[in-house]
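J.: From the sequence below, what's the structure:
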Amino acid sequence: MKRREFLKTAGGVSLASALGDFVGASEPAPLDMGSLFEANSPEVLALAERVMEKCVLEKIMPPTPPLKNTWIVPGGPYYKGQWIWDTMFVVDMLSILPGKKKLIRDVFQNYWDFQERWNKDAPEYARDMITAAIKTEPQEVRQFSQIPILAWGVERVYQRNRDRELLKQCLGRLERFHDWFWRERDVTNIGMIAVGSYSSILQHARWETFDYDCAMDDLKLTPHPTRKGPNEGAWYGDICMVGNTAYLVLGERSLARLATITGDTTMAARRKKRIEKAVKAMRDHMWDEKAGTFLAVNRDSLEKIPVATISSWIPLTAGVPTKAMARRMADVLGMPAWQTPLPVPTVDRTDKRWKSSRFWRGDVWPPTNYQIASGLAAYGHADLAADISDKTIANAIKNGINEHYDSISGKPLGVKDYCMSSTLVTMMLDGLTQKHKLKLRDKRPTR
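T.: Numbering: from 1, shown residues only. Modelled structure (predicted):
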């Protein structure tokens, strides 16, 4: 969804209150990031402090109908609700703080509450969807979903705080959500995900992924190709998107690992079959050796859409490419088309639609840089991952924390202190940087 003007959010939790948990104080502790992080420069420590206070803790909201529990807001007067993609980066950072297990469970419970409300009115095939954003009343319910990384978010939290109650709460619901995605977005059953919306509004379908991705310029919504009935609509996109398919693979990998941890080997086996099918489909149909990356394809003809976008690089994060494919992708990412002064632009800058400040058409986003760098590092391309990450951090230190940035000038765009920019800290904690160093001071028990 294109972000409009935002105002500062009221009602959040202060960092001092959060750090008070460390000392068990009844009054908030003084603001002291030194008790949480170690950094190799004052500038890095100051950046981390602002991220935790403004992008994470100030985004925590009290229950607001229909959200019965504490929830996470991206920010601003228009975007009042809890999103899928945005929220996962916030709960990841919340899980490094002690005393936040219940808060995080409450945030996830909002998704499962929505699932139940939705299922009461939805036909069988549409059940178990989770909307892109659980909007506060009296806003209308969104009829479409979003980048499916809820399972990834649960795994990230579990890796940090070992909350088995969170797994018990979430895994069954997550599997049903994933099954909805395959059923309603892989309508040709080939193993690749398109976008769509039960509203039949084209832009709503685009909002399921990177909103204005150039690969969707010719997107059309069609009826279901096989299911017929009097109440069917033109709800299904005719372009399979690299990013959403890769994100679902990423989520399936998380779900399979978490199911194994809980002893549910049957669930893990079901998810692994999905992963294998999707990875094969992406390699067979989306990989383009000449482009050196993955491309979106037409759902029915499997013809490739000839433009590389930010979506093309998400398979690195999901472990989709072979080692040879990943090596080719790293080579292409190192070329001038992608090495803008602030990488990684959201479309190949040789494309005629590229503009350094355009929304998902040439700009740069911290969360996508974080995830692309994570994928590169996992495939052994640590230097390129560090170059992307360090340039992202240096730019934020220079120009402030923002939703996205101009890929040439580095100037801030969109919303100041936007929640997904919490990934500026995540990429350092994950060891993706070489110049800018940040780590947790020590491991403290969670409560």
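J.: Check the burial of Lys120 by counting its neighbours.
T.: 7 (other C-beta atoms under 10 Å). Backbone N, C-alpha and C define where each C-beta goes, glycine included.
J.: err, Thr136, not the other one
T.: Using other C-beta under 10 Å: Thr136 sits among 16 other residues.
J.: tell me the contacts of it?
T.: Contact analysis of Thr136 by C-beta atoms under 8 Å, 6 or more residues apart in numbering lists 64-67, 80-81.
J.: Give me the distance between it and Asp106.
T.: Separation of Thr136 from Asp106 (C-beta to C-beta, to the nearest Å) stands at 16 Å.
J.: Could you do Gln146 as well?
T.: On the measure of C-beta to C-beta, Gln146 and Asp106 end up 20 Å apart.
J.: again, but for Phe177
T.: Noted for Phe177: a distance of 18 Å to Asp106, by C-beta to C-beta.
J.: re the thing from before, quick check on the contacts of Thr136: which are buried?
T.: 64, 66-67, 80-81 (16 or more other C-beta atoms under 10 Å).
J.: Next, give phi and psi for the closest residue in space to Leu438 that isn't next to it in sequence.
T.: Leaving aside its chain neighbours, Leu438 sits nearest to Met428 (3.9 Å; criterion: C-beta to C-beta, 6 or more residues apart in numbering). With angles defined as degrees, to the nearest 10, Met428 sits at phi -80, psi -40.
J.: How many neighbouring residues does Met428 have?
T.: For Met428, using other C-beta under 10 Å, the count is 26.
J.: re the thing from before, among the buried ones among the contacts of Thr136, which lie within strands?
T.: Gly81 (DSSP state E).
J.: Out of the buried ones among the contacts of Thr136, which one has the weakest pLDDT?
T.: Note: of those, the lowest pLDDT belongs to Lys80, at 92.
J.: And the residue lying closest to that one once chain neighbours are set aside, how close does it get to Ile397?
T.: The shortest distance from Lys80 to any non-neighbouring residue, by C-beta to C-beta, 6+ apart, is to Thr136 (4.6 Å). According to C-beta to C-beta, Thr136 stands 34 Å off from Ile397.
J.: check which helix or strand covers Ala330.
T.: Using DSSP states H and E, Ala330 sits in helix 323-333.
J.: actually Gly237, not the one I wrote
T.: Gly237 belongs to strand 236-240 when assigned by DSSP H and E.
J.: you'd agree Ser389 is up against Tyr370?
T.: Yes - Ser389 is within contact range of Tyr370, at 7.4 Å (criterion: C-beta atoms under 8 Å).
J.: More neighbours: these two, which one.
T.: Just comparing Ser389 and Tyr370: by other C-beta under 10 Å the higher neighbour count belongs to Ser389, 31 against 27.
J.: residues touching the more buried one, list them.
T.: 369-370, 373, 427-428, 432-433, 436.
J.: re earlier: what's the helix or strand just after the helix holding Ala330 in contact with?
T.: Of the helices and strands lying after helix 323-333 in sequence (DSSP H and E), the nearest is helix 366-378. Residues from elsewhere that reach helix 366-378 (C-beta under 8 Å, 6+ apart): 85, 89, 210, 310, 313-319, 326, 330, 333, 343-344, 346, 382, 384-386, 388-389, 392, 396, 404, 420-421, 423-424, 426-427, 430-432.
J.: Helix 366-378: what's the following helix or strand?
T.: Helices and strands here follow DSSP H and E; after helix 366-378, the next one along the chain is helix 382-399.
J.: That next one: which residues count as buried?
T.: For helix 382-399, burial by neighbour count (16+ other C-beta under 10 Å) applies to 384-397, 399.
J.: Extract the CA atoms of that helix and return them as PDB.
T.: Output of helix 382-399 as PDB, limited to C-alpha atoms (Å, rounded to 0.1, in the frame of the first residue of the first chain):
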ATOM      1  CA  ALA A 382      29.400 -12.400   2.700                       C
ATOM      2  CA  ASP A 383      31.300  -9.500   1.200                       C
ATOM      3  CA  LEU A 384      28.500  -8.400  -1.100                       C
ATOM      4  CA  ALA A 385      26.000  -8.900   1.800                       C
ATOM      5  CA  ALA A 386      28.200  -6.700   4.000                       C
ATOM      6  CA  ASP A 387      28.600  -4.000   1.300                       C
ATOM      7  CA  ILE A 388      24.800  -3.700   0.900                       C
ATOM      8  CA  SER A 389      24.200  -3.800   4.700                       C
ATOM      9  CA  ASP A 390      27.000  -1.300   5.600                       C
ATOM     10  CA  LYS A 391      25.900   1.200   3.000                       C
ATOM     11  CA  THR A 392      22.300   0.900   4.300                       C
ATOM     12  CA  ILE A 393      23.400   1.600   7.800                       C
ATOM     13  CA  ALA A 394      25.800   4.400   6.900                       C
ATOM     14  CA  ASN A 395      22.900   6.100   4.900                       C
ATOM     15  CA  ALA A 396      20.600   5.800   7.900                       C
ATOM     16  CA  ILE A 397      23.200   7.300  10.200                       C
ATOM     17  CA  LYS A 398      23.600  10.200   7.700                       C
ATOM     18  CA  ASN A 399      20.000  10.800   6.600                       C
END
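J.: So which elements touch the helix or strand that comes right after it?
T.: Later in the chain than helix 382-399, the nearest helix or strand by DSSP H and E is strand 402-405. Packing partners of strand 402-405 (3 or more C-beta pairs under 8 Å, 6 or more residues apart in numbering; DSSP states H and E): helix 382-399, strand 412-416.
J.: Export these to a markdown table and append columns for distance to Met286.
T.: What follows is the helices and strands packed on strand 402-405, written out as a markdown table (distance: least, C-beta to C-beta, whole Å):
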| stretch | distance to Met286 |
| --- | --- |
| helix 382-399 | 22 |
| strand 412-416 | 29 |
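J.: Tabulate the ones you listed in a markdown table, adding columns for distance to Cys55 and mean pLDDT.
T.: Listed next are these as a markdown table, based on distance: least, C-beta to C-beta, whole Å; pLDDT from 0 to 100:
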| stretch | distance to Cys55 | mean pLDDT |
| --- | --- | --- |
| helix 382-399 | 11 | 98 |
| strand 412-416 | 10 | 96 |
